[in-house]
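Asker: sequence and predicted structure, then a few things I'm wondering about:
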Amino acid sequence: MEIDTLELAKKLIARRSVSPDDVAAAVVRAVREDLPEVLVNPGPARLAQALMELFPRVRDVIHERFGVKKVFREHARAREDAAARR
């Protein structure tokens, strides 16, 4: 099954599960409490992030399965092409 990574990215961005205010509040909290990292994602995404941090190989498999690596490769290629045209 081929996943249209561009459409998936558009849907995820459109969903915008984390508001700018949520991010700002997390940044302020991280600075005040001297936290090296904070998760801003809601429920299920937070759990998925924690599991992927604990099991990095699972993260790699999931990223490959959902085309995340492909998106980053395409982005890197586009940046290289743009830099070469300058």
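Answerer: Structure's in. What do you need?
Asker: tell me the buried residues in the strand or helix carrying residue 77?
Answerer: Taking DSSP states H and E as the criterion, the element that holds residue 77 is helix 68-85. Neighbour-count burial for helix 68-85, with 16 or more other Cβ atoms under 10 Å as criterion, is recorded at residue 68. For the C-beta atoms, the positions are set from N, CA and C on the backbone; glycine is no exception.
Asker: so which bits of stretch 54-73 are buried?
Answerer: Going by neighbour count (16+ other Cβ under 10 Å), the buried part of stretch 54-73 is 59, 67, 68.
Asker: still on that earlier bit, run the chain-centre distance for the helix holding residue 77.
Answerer: Taking Cα atoms, centre = their mean, to the nearest Å, the mean C-alpha location of helix 68-85 is offset from the chain mean by 17 Å.
Asker: output the contacting helices and strands for that helix.
Answerer: Packing contacts for helix 68-85, counted by 3 or more Cβ pairs under 8 Å, 6 or more residues apart in numbering; DSSP states H and E, involve helix 5-15.
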